[in-house]
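1. Just to be clear, the model below is a prediction. Sequence and coordinates:
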Amino acid sequence: MSPSLTGLDFAGLSDVGLHRATNQDSYYLSPTGDLFIVADGMGGHAGGQEASRLTIEAISNCVAAYRDSDISSPALLERAVLAANEAILRDQRQHPERADMGTTVVVAMLRDRQFWCAHVGDSRLYQLCQDELLQITRDHTWVAQAQQAGDLTTEQLLHHPWRHVLIQCVGRADLRQVNTQQLKVQPGDRLLLCSDGLTEELADDMIVTYLQSAMTCKDAAITLIDAAKKRGGRDNITVVALSIS
């Protein structure tokens, strides 16, 4: 069953955390409830903020421009993320002081009554189906790649000193392909887009508890961020929550 736009509750929230001077994360909630984005910038104060801002702007503009065209949804999302990549590359050329900036991004789009997602980096999309939390996206990190190859266990991955080393991000000349996929959602499901400031502090079982217990998506966003801060809040924390009914 595909949800209708009137069957969505959604909310987003971003927090600087307890140890960072600035917030380099950005998020976007479409006013019409059909596009949701979280971006986690990197490359210093000005660079990270600008990279995530440019990404939100480029993706939302591209989706708006082509939403009603004949382009397929996966191709539209890929085009939008690659447009963000080009926007950052242009800015890097114009502002050499921001040459090392980049960002992760995770996108959820509702189009033709179907949900689609795209991502680059280690910002994640989760789907809560009854009591089961599914990690829809796969981190583009060195440790995730090593785990997939069988070189690291899950326990080793959680504590490895290279766990934040990205193998792909937006803002690199060699970004050629974007991971996209369709989501199979049912009434009662909840979706969660988040930066790694959340997942660094909260294990999946804790995320499930907070998502299930929250009455609204706004409550879920507030509760998740508060819980992450209580457990350390070492990075910026951004969450976008959606409830399908």
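-> Yep, it's here.
2. and the helix or strand Ser243 falls within, what other elements does it pack with?
-> Per DSSP states H and E: Ser243 is located in strand 237-244. Packed against strand 237-244 by the contact rule (3 or more Cβ pairs under 8 Å, 6 or more residues apart in numbering; DSSP states H and E) you find strand 8-15, strand 25-29, strand 35-42, strand 190-194, helix 196-199, helix 217-230. (C-beta placed from N, C-alpha, C; glycine too.)
3. Let me see the mean pLDDT of that strand.
-> Mean pLDDT, strand 237-244: 97.
4. Report the strands that pair with that strand, each with its relative direction.
-> If you go by DSSP bridges, strand 237-244 pairs up with strand 8-15 (antiparallel), strand 190-194 (antiparallel).
5. sorry, back to before: redo the helices and strands packed on strand 237-244 as JSON lines? Include mean neighbour count, distance to Thr209 and mean pLDDT.
-> Shown next, in JSON lines, are the helices and strands packed on strand 237-244 (neighbours: other Cβ atoms under 10 Å; distance: least, Cβ to Cβ, whole Å; pLDDT from 0 to 100):
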{"stretch": "strand 8-15", "mean neighbour count": "20", "distance to Thr209": "18", "mean pLDDT": "97"}
{"stretch": "strand 25-29", "mean neighbour count": "22", "distance to Thr209": "23", "mean pLDDT": "98"}
{"stretch": "strand 35-42", "mean neighbour count": "27", "distance to Thr209": "21", "mean pLDDT": "97"}
{"stretch": "strand 190-194", "mean neighbour count": "26", "distance to Thr209": "12", "mean pLDDT": "98"}
{"stretch": "helix 196-199", "mean neighbour count": "25", "distance to Thr209": "14", "mean pLDDT": "96"}
{"stretch": "helix 217-230", "mean neighbour count": "20", "distance to Thr209": "9", "mean pLDDT": "98"}
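6. would you list these in CSV and tack on distance to Ala241?
-> Formatted as CSV, these follow (distance: least, Cβ to Cβ, whole Å):
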stretch, distance to Ala241
strand 8-15, 6
strand 25-29, 10
strand 35-42, 9
strand 190-194, 5
helix 196-199, 11
helix 217-230, 4
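7. before we move on, the earlier item: reformat the strands paired with strand 237-244 as JSON lines; add distance to Ile237.
-> Formatted as JSON lines, those follow (distance: least, Cβ to Cβ, whole Å):
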{"stretch": "strand 8-15", "distance to Ile237": "5"}
{"stretch": "strand 190-194", "distance to Ile237": "8"}
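8. ok and the strand holding Ser243 relative to strand 35-42, angle-wise?
-> Angle, strand 237-244 to strand 35-42, by axes from the mean of the first three to the mean of the last three Cα atoms, to 10 degrees: 170 degrees.
9. and strand 237-244, how far from the chain's centre?
-> 10 Å (Cα atoms, centre = their mean, to the nearest Å).
10. separation between Val107 and Thr223?
-> 24 Å (Cβ to Cβ, to the nearest Å).
11. and what of Gln168?
-> 31 Å.
12. What sits closest to Ala118 if chain neighbours are left out?
-> Leu77 (3.9 Å; Cβ to Cβ, 6 or more residues apart in numbering).
13. residue contacts, the one you found?
-> Under the criterion of Cβ atoms under 8 Å, 6 or more residues apart in numbering, the contact list for Leu77 reads Val63, Val107, Met109, Trp116, Cys117, Ala118, Val178, Thr180.
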